[in-house]
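**Student:** What would the 3D arrangement of this be:
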Amino acid sequence: MVAIFVMVIVHFLENLSGIRNWSPDGFGAPLFTFLTGMSYRLWLSGQDARQTSDSQISKITVRRGLFLFGLGFVFNFFVWLPEDIFIWDVLTFIGVALITLNVVRSFPAPLLITSILLSFAVSPVLQKLADYPAYWTEGYFSYDQTLSDVLLGFLVTGYFPIFPWIGFPITGFLVASAIFHRDGRPLPSTAPLIIAGLTLLTVSATTVVTGWYVPTLLTTAMFKGWSMFPASLEYISGTLGMTILLFTCCHLVIDRSEHRSRGQGVLQVASTFSRHSLSIYLLHHVVHIWPLWIYGLWMNKETTYYWGKAFSYATSLSLALLFIVSCYFFLRWIDRNRLPTMESVMRWVCD
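**Tutor:** I've put the predicted structure just below:
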């Protein structure tokens, strides 16, 4: 639920008002990609309880991954613009992440940790070799329709390339394994996760502060500052630390609480948003981006003319909050009437 609220607010403020400084910008994607691994680990526990065969689990996972990967291209074409089909947004990444998780799900924890560290460590090197800034000259990902640019976007230079973002879902998978037994029961101690989260936050803060005093000529991969595009090591360690602490604390406060019945209303809201996260992702883009395109064409201007300057900060934030509230009641109505959603379509196609 937290990830969905952050996502909606960030996108409304940025796309409608062009505002990033006074928004939780940069925190939605780490939460979502981290949750991909965490939810997959919990889904595996459910499949084990149903005694689903290993081969069947692999088939379902791969089909879901390919479904989301293909949906990502459809989304880019119809919600963004046809020329942006290969920008490698979140949906295409999550599709690949699911297939990757299926491969690494039986790996021992030390090997998973090694793969996470490698994905983060090699990213600055790959960004340098690919000349990352050349693809972001206007502040957004721009590429030529060539095989080399498309592949580089997928691996390194796109919005959410494999390197370094693949480390987030694998970390989520590992954290879920550290919180829950294979059968889904919680483990007795979460102290190692709290220590890991605090350590990552300390590393991030120390590196950011130290970078202020490092001359430009001496700037390295560890002193790029807080940057999402490209994802700097300060950004990666900071957002991972915050995400690990957030979910560990929520687990301690909510999952293990002896008074969970008092918060049933909050849990109902959270479960409603969580069950329909994919539908919300698609819907909130359509609701606030299509009107920009349509109004621009109606006013005989460029399609993107009103991008980032349609409303004030207060109006965009109010619209985001209105969407969140309206979306909840809309989703509850869908559940009561058992209407199809993108999640149910994916299960019907892939399971």
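
**Student:** Please identify the buried residues of stretch 300-316?
**Tutor:** Neighbour counts over stretch 300-316 (16 or more other C-beta atoms under 10 Å) mark 306-307, 310-311, 316 as buried. C-betas here are computed from N, CA, C, even on glycine.

**Student:** Now intersect those with the helices, please.
**Tutor:** Those of the buried residues of stretch 300-316 mapping onto helices are residue 316, per DSSP state H.

**Student:** quick one: which of the buried residues of stretch 300-316 is nearest to residue 152?
**Tutor:** Here the nearest of the buried residues of stretch 300-316 to residue 152, counting by C-beta to C-beta, is residue 307; it sits at 25.2 Å.

**Student:** what's the nearest residue to the closest one if we skip its chain neighbours?
**Tutor:** Once flanking residues are discounted, residue 307 sits nearest to residue 292: 6.1 Å by C-beta to C-beta, 6 or more residues apart in numbering.

**Student:** so who does that neighbour touch?
**Tutor:** 15-16, 304, 306-307, 310 (C-beta atoms under 8 Å, 6 or more residues apart in numbering).

**Student:** Can you add distance to residue 129 and pLDDT and give the residues you listed back as JSON lines?
**Tutor:** As requested, the contacts of residue 292 are exported to JSON lines (distance: C-beta to C-beta, whole Å; pLDDT from 0 to 100):
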{"residue": "15", "distance to residue 129": "32", "pLDDT": "92"}
{"residue": "16", "distance to residue 129": "36", "pLDDT": "93"}
{"residue": "304", "distance to residue 129": "31", "pLDDT": "83"}
{"residue": "306", "distance to residue 129": "37", "pLDDT": "89"}
{"residue": "307", "distance to residue 129": "32", "pLDDT": "88"}
{"residue": "310", "distance to residue 129": "39", "pLDDT": "89"}
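
**Student:** Could you identify the most distant pair in those?
**Tutor:** Among the contacts of residue 292, 16 and 304 lie farthest apart (C-beta to C-beta), at 12.7 Å.

**Student:** average pLDDT for stretch 118-133?
**Tutor:** Taken as a whole, stretch 118-133 has a mean pLDDT of 94.

**Student:** outside of it, which residues touch it?
**Tutor:** 152, 155-157, 162-164, 166-167, 170, 221, 224, 230-233, 236.

**Student:** Now that we have these, which of them are buried?
**Tutor:** 152, 156-157, 162-164, 166-167, 170, 221, 224, 230-233, 236.

**Student:** So for those residues, which is the shakiest by pLDDT?
**Tutor:** Ranked by pLDDT, the buried ones among the contacts of stretch 118-133 bottom out at residue 221, which has 60.

**Student:** Just the buried positions in the lowest-mean-pLDDT helix or strand in the chain, please.
**Tutor:** Lowest on mean pLDDT, DSSP states H and E among the helices and strands of the chain sits helix 264-275, with a mean of 82. Within helix 264-275, the residues that count as buried by 16+ other C-beta under 10 Å are 269-270, 272-273.
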